[in-house]
Every structure is written in C-alpha cells, then in structure tokens.
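Novice: Mind looking at a prediction? Sequence and model below.
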There are 2 protein chains.
Amino acid sequence: MQEPTFLILTALATRPLHGYGIIQAVGELSDSEVRLRPGTLYGALDRLAEQGLIEVEREEAVDGRLRRYYRLTDGGAAVLTREVERLRRRAATAEAQLRDRGGIIPGLGRIAPTTP
Amino acid sequence: MQEPTFLILTALATRPLHGYGIIQAVGELSDSEVRLRPGTLYGALDRLAEQGLIEVEREEAVDGRLRRYYRLTDGGAAVLTREVERLRRRAATAEAQLRDRGGIIPGLGRIAPTTP
DNA sequence: CGGTATATATCGTCAACCGAACTATCTGGT
DNA sequence: ACCAGATAGTTCGGTTGACGATATATACCG
C-alpha cells in the first residue's frame, strides 16, 4: 500500500468524509507534506470501494452539487491496523540497521563506532 | 518511496552487498514477508545509483561470475533516516485516528467536529 | 467582476513493481 | 556420472497506482 492510499484510509478512520474533505484531511494529517490530487483521490476511492475497504455512506445534494460520503469499513480498519504494524516493524528494522552502520568485523568487534 | 526500495536501502545500511545478497537480506529483514524479484531489484539498483543513494563499491569476479557490490552512500543513509521518521509519523497518526474510530469519547463527548 | 474555495470527473502519462524467462557456474546427493 | 538446487546476474513485457492537467459548476468575498 502506498502513501496516498494509506492516508485516505487514515482520514476516514474517525468519520465519514466526502472527496474534497478527504483531500483537506490528508493535508492536515500529513502536516501539509502530502497534497492529494483529484486524479489520485477518485481513482483510489473507486479502487478501495471495490476492495471493500471503504463504502459510500450516503449521497447528499447540497445546492445542486453532489456530495458523496465515504466510510471506512471494519475490513478497511483491520487492513489499516495491519498496515500500521507493518510500518512500525519496517521503521524499527531500518533503524536497527542504521545503528550498525560501519559494520563489524567478526572476532574484532566494531571498528567504526556508531557516530552520534 | 515504496517498500522494496526502502528494504534495499535498509539491507545496505550495515554493509555492502551484491544483488543476490540483497535479495536474501531483504527476505530476512522482512521475516520472509517480502521476496524481492530480480526485476524489481536490478531496476531499483540502477535507479538508486542514479539518484546517488547507493554506489558500486567494487566489482568482484568469483569463478568467472561477476559480483557487483553496492554500498549505501551518506546521502542514502540520510534519506533512509528521514524515511524511517516519516513511517513512524504516519503510523502514529493512523493509530491515533483508529483510536478515535466511532468518534465518541465517553464523558467528554465528541472532540473533533462532526462531518461538516 | 474576478479570484479563491468548494466539489467531482476524466484523461493521458509515468514510475515502480512484478512475474517470468534466460544464461551460467558451483555444490551436494543419488 | 548426472541431476537438482543454490548462487548470480540480465532482460522483457505487463500492470498498478499515483500524478498533473483539465473541465465543469456554484458560492462567497473583496
């Protein structure tokens, strides 16, 4: 799962949102690091709905404009939870490897100290 | 950055490795969850070298077969470090959102405003 | 009256990953 | 002696998902 998809699920975790609301929520959740584009969003929305991770909660007509609200399904929440654990494991593994940067020589121990 | 790329950099963090060694290391680092394919690896290797995140350390001819060892550059280590922090932040954000699933906190009521 | 914000849809493109096939050598088992 | 399997690298074609751009439409503010 890529970052935009992950953030869409994250945004929908607390409450149902419509497309534009998701774009804003993702911006806030990522400290404005990720700006979701419409092309990314609506493609992802269709895909995630097809996979059953999200579903249309309701469709509202506000001033003649359609607002389609999406909700995270239980299945989607489960997938997101697993993904969170996955990210944590990856981060921990990489950090451990980075701490060993410089490497060791068997029998001699570390030659390059872990530079703080 | 996607998972295979992330794991390649992770594998190279401790010591230089040749292509096949990277495939094995990624398998171990991911608890056999990720099996890197040659097509993924060699494409990523070229790309990462072009970006300066890794570099060819040396080329060894063992029994007539070439072994090309790649090393993580300082720039690559910096990028990987930033990526680790990014993953942690994403994981923390998603977890916080998931905790709010349903949105009601007993005794306090809803913290975040409802759907606009 | 024009710019910004709200809101959704669609198009073509590109990067990255994936599976598979191919070559080649060394090692271990039968 | 032979074959399977591990080691090691290259290449190709296909698919997915993200991206940028564009289009449409209304509301609000200065």
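Specialist: The structure has been received and is ready for your questions.

Novice: State whether A:Arg15 is indeed within a strand.
Specialist: No. When classified by DSSP: H, G, I helix; E, B strand; the rest coil, A:Arg15 is found to be coil rather than part of a strand.

Novice: Contacts only, for the residue of chain A found nearest DNA strand C.
Specialist: Of chain A, the residue with the smallest distance to DNA strand C, taken as CB to the nearest atom of the strand, is A:Gly19 at 2.8 Å. Bear in mind the C-beta positions are built from the backbone N, C-alpha and C, glycine included. Shown in contact with A:Gly19 (CB atoms under 8 Å, 6 or more residues apart in numbering or on different chains): A:38, A:41-42, A:45, A:68, A:70.

Novice: change it to 7 Å
Specialist: A:41-42, A:45, A:68 (CB atoms under 7 Å, 6 or more residues apart in numbering or on different chains).

Novice: Out of those, which is nearest to B:Leu12?
Specialist: When these are compared for distance to B:Leu12, the smallest value, 34.4 Å, is given by A:Leu41; criterion: CB to CB.

Novice: what's the distance between that closest one and chain B?
Specialist: Summarising the geometry, the distance separating A:Leu41 from chain B, computed by CB to the nearest CB, to the nearest Å, is 17 Å.

Novice: What parts of chain A come near chain B?
Specialist: Along chain A, the residues adjacent to chain B under the rule CB under 7 Å from any CB of the partner chain are A:2, A:6, A:10, A:13-17, A:21, A:29, A:69, A:77, A:80-81, A:84, A:87-88, A:90-91, A:93-95, A:97-98, A:100-101, A:103.

Novice: Is it possible to mark the buried ones in those?
Specialist: Members of the residues of chain A next to chain B that pass the buried threshold by neighbour count (16 or more other CB atoms under 10 Å in any protein chain shown) are listed as A:6, A:10, A:13-17, A:21, A:29, A:69, A:77, A:80-81, A:84, A:87-88, A:90-91, A:93-95, A:97-98, A:101.

Novice: Mark which of these are part of strands, please.
Specialist: Cross-referencing these with the strands (criterion: DSSP state E) gives A:17, A:69 as the overlap.

Novice: from the residues of chain A next to chain B, which are also near DNA strand D?
Specialist: Restricting the residues of chain A next to chain B to those touching DNA strand D (CB under 7 Å from any atom of the strand) yields A:Gln2.

Novice: Does the lengthiest helix in chain A reach DNA strand C?
Specialist: The single longest helix within chain A, with elements called by DSSP state H, is helix A:74-99. No. On the criterion CB under 7 Å from any atom of the strand, helix A:74-99 is out of touch with DNA strand C, staying 12.6 Å away.
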